[in-house]
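[1] coords please:
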Amino acid sequence: MKVLVTGAAGFIGMHTTLALLARGDAVVGIDNLNDYYDPKLKRDRLAEIARQAPSAPFRFLPLDIADADSLSGLMASEPFDAVVHLAAQAGVRYSLTHPQTYVQSNLVGFVNMLEACRHHQIKHLVYASSSSVYGGNVKMPFAETDPVDHPVSLYAATKKSNELMAHSYSHLFGLPTTGLRFFTVYGPWGRPDMAPMLFASAILAGKPITVFNHGQMQRDFTFIDDIVAGVLATLDRPPTAQADFDRQQPSSSASWAPYRIFNIGNSEPVALLQFIETLEQALGQPAIKDLQPMAAGDVVATYADTQSLTTWTGIHPETSLAEGIAKFVDWYRTYFTT
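    Here you go, the predicted structure:
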């Protein structure tokens, strides 16, 4: 296939691009390389793609999805079979202070992508949603059929909005769309605003790490390779209309339109303090813990029910935390000491 990957200089975008190239697909990657975190890491990810796949059919373009004309122009200039849409403004806490950034990227940018796919005969749009859409839900594990009407951050609200907008385009224009709710992704080349990078940096520097809710939290940590396996497996199976869809008791994860939603998580929630202990062991240094109350917009626990993903694709994420953290630490030491 020829695939457009948005957010190609991002954490998941880089790994997805490499996996697509490794199996023989052609990829055009776009990213606006913004300064939400140091753009050097984004440029280094692009350099890593070039290093690992020097002769692969890959081209990168600096492009902002909020620029509708540029996005439409790109898709008019060359045919794509599918789009993996990973570009978005990420981060729960940042949305408390920079809401307009989320509106431009996650709402305006997403509509621009839907319009471009609609007008340029894209056969399948796979896009990143988030476990954050489960918001204030307390039923565990989180299933795609659960109601997600109570977001606790603007970031979560924009991701749920993406799912709703995608459904409307699947219904109105027959655009096959698949939304993927990612659960706490970690691994080599990760985002520096997330716990593994923040904690590793502080531990090695002998500085305190901020531990919210006094450590009484759980996360369904999911290794990057498992996330990418799920992205590719769902990309290869575009949804079709569900003939037996029950409108009397509608499921939010499927439709009479070509539309599906899947969780991608490890299905094994880990206590935050256990995660810190595993990281300490891999780094060979103890953490100094600064215990703090719950942060605004955060949730106590996440836990993915992935049965739908396994049934649809045969994929079941299973990288253990110890294995994943070891690979992350190996990369971290190499990247930051060379």
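
[2] helices of the stretch 1-150 of the chain, start to end?
    With DSSP state H, counting those that start in this stretch as the criterion, the stretch 1-150 of the chain has helices at 11-22, 39-52, 68-77, 99-102, 109-119.

[3] count the neighbours of the closest residue to residue 139 other than its chain neighbours for me.
    Excluding the flanking residues, the one nearest residue 139 by CB to CB, 6 or more residues apart in numbering is residue 146, at 6.4 Å. The C-beta positions use only the backbone N, C-alpha and C, and glycine is treated the same way. Residues lying near residue 146 (other CB atoms under 10 Å) number 15.

[4] which residues touch residue 146?
    The contact partners of residue 146, by CB atoms under 8 Å, 6 or more residues apart in numbering, come to 134, 137, 139, 252.

[5] same deal with residue 44?
    residue 335.

[6] who wins on neighbours among the contacts of residue 146?
    Among the contacts of residue 146, residue 134 has the most neighbours (other CB under 10 Å), with 30 neighbours.

[7] not counting sequence-adjacent ones, nearest residue to it?
    Nearest to residue 134 is residue 142, by CB to CB, 6+ apart, at 4.6 Å.

[8] and residue 178, that one's in a helix?
    No: using DSSP: H, G, I helix; E, B strand; the rest coil, the assignment for residue 178 is strand, not a helix.

[9] so what's the residue count around it?
    With other CB under 10 Å as criterion, residue 178 counts 24.

[10] that one and residue 216, how far apart?
    Counting by CB to CB, to the nearest Å, the gap from residue 178 to residue 216 is 34 Å.

[11] same question for residue 127.
    33 Å.

[12] returning to that earlier point: hey, which of the helices of the stretch 1-150 of the chain is tucked in deepest?
    Here the criterion is mean neighbour count by mean count of other CB atoms under 10 Å, and of these the winner is helix 11-22, at a mean of 23.

[13] could you check the angle it makes with helix 39-52?
    Computed with axes from the mean of the first three to the mean of the last three CA atoms, to 10 degrees, the direction of helix 11-22 lies at 10 degrees from that of helix 39-52.

[14] helix 11-22 packs against which elements?
    strand 2-6, strand 26-31, helix 39-52, helix 224-235 (3 or more CB pairs under 8 Å, 6 or more residues apart in numbering; DSSP states H and E).

[15] show me the shaky parts of this protein.
    338 (pLDDT under 70).

[16] out of the helices and strands packed on helix 11-22, the one nearest residue 186 is which?
    Nearest to residue 186 among those is helix 224-235; the distance by CB to CB comes to 6.9 Å.

[17] for the closest one, packing partners?
    Using 3+ CB pairs under 8 Å, 6+ apart: helix 224-235 touches helix 11-22, strand 82-85, strand 124-130, strand 177-182, strand 185-186, strand 259-264, helix 307-313.

[18] partners of the shortest one, with directions?
    Which is strand 185-186. Its sheet considered, strand 185-186 pairs with strand 222-223 (parallel) by DSSP bridges.

[19] and the contacts of the partner strand?
    With CB under 8 Å, 6+ apart as the test, strand 222-223 has contacts from 182-187, 264-266, 304, 317, 319, 323-324, 327.

[20] one more: stretch 294-304?
    Taking CB under 8 Å, 6+ apart as the rule, stretch 294-304 contacts 92-93, 95-96, 131-132, 134-136, 140-142, 152-156, 181, 183-184, 212-213, 216-220, 222, 263-267, 269.

[21] just the endpoints, please. Distance across it?
    Length of stretch 294-304, first residue to last, CA to CA, to the nearest Å: 22 Å.

[22] of residue 127 and residue 216, who's got more company?
    Set residue 127 next to residue 216 and count neighbours by other CB under 10 Å: residue 127 wins out with 24 against 14.

[23] what's the separation between the nearest residue to that one once chain neighbours are set aside and residue 175?
    In space, and not counting its chain neighbours, residue 127 is closest to residue 85: 4.1 Å by CB to CB, 6+ apart. Applying CB to CB, the value for residue 85 to residue 175 is 12 Å.

[24] need the residues touching each of these two.
    Jointly contacting residue 85 and residue 175 under the rule CB under 8 Å, 6+ apart are residue 125.

[25] tell me which of these two has more neighbours.
    Each of residue 85 and residue 175 has its neighbours counted (other CB under 10 Å); residue 85 has more, 26 against 23.

[26] surely that one meets residue 129?
    No: applying CB atoms under 8 Å, one finds residue 85 not in contact with residue 129, separated by 10.4 Å.

[27] which secondary structure element is home to residue 280?
    helix 272-283 (DSSP states H and E).
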